[in-house]
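Q: Coordinates for the following, if possible.
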Amino acid sequence: MTGAREAGPPAAPDAQAIVASEVTYSGGLRLDLILNAQFPHLGAHDEMLFIVIHQASELWMKLMLHELAAADRHLAAGTVRPALKMLARIKRVQEQLTQSWNVLSTMTPVDFLAFRHALGASSGFESFQYREIEFRLGYKRGDFLDIYRRDPATHGRLKAALEAPSIYDRVLMLLAKAGHALPAEVVKRDWSKPYVPHPAVEEAWKAVYRRPEASWELYELAESLLDISDRFQHWRHAHATAVERVIGMKPGTGGSAGVPYLRRALDHRFFPELWSMRTAL
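A: Model prediction:
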């Protein structure tokens with residue numbers, strides 16, 4: 001027919017559309033793996049509760065580490081605004097972690113005793129993700145690495161986190177870059193060593209808080225970090241209270257000290273000068 005366009009070869013199928021059309025809710029989320037990862041040893045009713053709470057907590061901690069790593073990259077590059085968004089998300093994750101202990105608290109001592117012996121020597125103290133979060137936030141304890149020596153991959157991962165600047169170290173570098181006089185032992189130190197509070201850091205934060213309009217991003221960073229520290233204390237307190245409700249003052253699984261150890265952890269606070277300078281203001 002005159003003027004008719006000749007039919008060309010059929011269009012190539014959109015590869016992304018094909019992939020998208022083949023992805024199912026279950027397949028995309030790998031629910032076959034997640035929902036079949038619970039193996040109650042004895043079939044006690046609350047064993048499922050115990051397993052799901054701890055597995056879900058590890059998933060939330062994985063997301064927290066994902067956000068911490070991204071925030072660290074942005075702070076190292078000096079792009080503060082995206083880091084603040086990620087720190088805000090971390091605070092929401094912390095709320096979920098704290099809430100999980102409220103759910104576990106519905107388990108009574110008798111419920112737990114029905115399967116406790118099946119846990120063997122395992123202990124939440126061994127959670128490498130929890131340990132990495134502590135390292136990333138600035139609580140550096142090299143002796144904790146000994147727990148993971150039989151697992152070279154995990155040991156290496158935690159060693160890297162131990163030797164890297166924490167999120168607080170990154171913020172202190174920005175504080176120094178903004179013109180606040182911080183000594184070398186604060187901003188150029190052995191990152192694997194425990195952080196030691198310094199009067200110069202407290203003075204710098206006092207200056208930021210007295211004139212927040214002059215350095216608003218640092219002011220927001222300080223408040224975000226304090227929120228994270230505060231929520232960590234709420235999480236620890238909820239953890240200790242839940243454990244005491246279930247086992248009282250007995251030793252924890254795996255030979256840990258149980259509630260006394262968890263209570264001692266409440267004495268530690270991240271980002272110490274952000275707390276101490278409030279008294280000095």
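Q: For the rest of this, base every contact and every neighbour count on C-alpha atoms.
A: Will do.
Q: how close does the closest residue to Gln96 other than its chain neighbours sit to Glu67?
A: Setting aside the residues directly before and after it, Gln96 is nearest to Trp60 in space (C-alpha to C-alpha, 6 or more residues apart in numbering), at 7.7 Å. Distance, Trp60 to Glu67, by C-alpha to C-alpha, to the nearest Å: 11 Å.
Q: Show me the shaky parts of the stretch 101-250 of the chain.
A: Within the stretch 101-250 of the chain, the set of residues satisfying pLDDT under 70 is empty.
Q: for the residue nearest to Gln96, helix, strand, or coil?
A: In three-state terms, and counting by DSSP: H, G, I helix; E, B strand; the rest coil, Trp60 is helix.
Q: what about Trp60, how many neighbours?
A: Other residues near Trp60 come to 18 when the count uses other C-alpha atoms under 10 Å.
Q: quick one: pLDDT of Arg257?
A: For the record, residue 257 is Ala, not Arg. Looking at Ala257, its pLDDT stands at 64.
Q: same deal with Ile18?
A: 50.
Q: How about the one 5 residues further on?
A: Val23 is assigned 87 on the pLDDT scale.
Q: Distance of it relative to Leu31?
A: Val23 is 12 Å from Leu31, where distance means C-alpha to C-alpha.
Q: Hmm, the residue nearest to Gln96 is touching Glu95, no?
A: No: contact criterion C-alpha atoms under 8 Å: Trp60 and Glu95 do not qualify, at 10.1 Å.
Q: What sits closest to Leu226 if chain neighbours are left out?
A: Here the nearest residue to Leu226 in space, its sequence neighbours aside, is Leu274; by C-alpha to C-alpha, 6+ apart that works out to 6.8 Å.
Q: how about the one you found, what does it touch?
A: By C-alpha atoms under 8 Å, 6 or more residues apart in numbering, Leu274 lies in contact with Glu202, Trp205, Ala222, Leu226.
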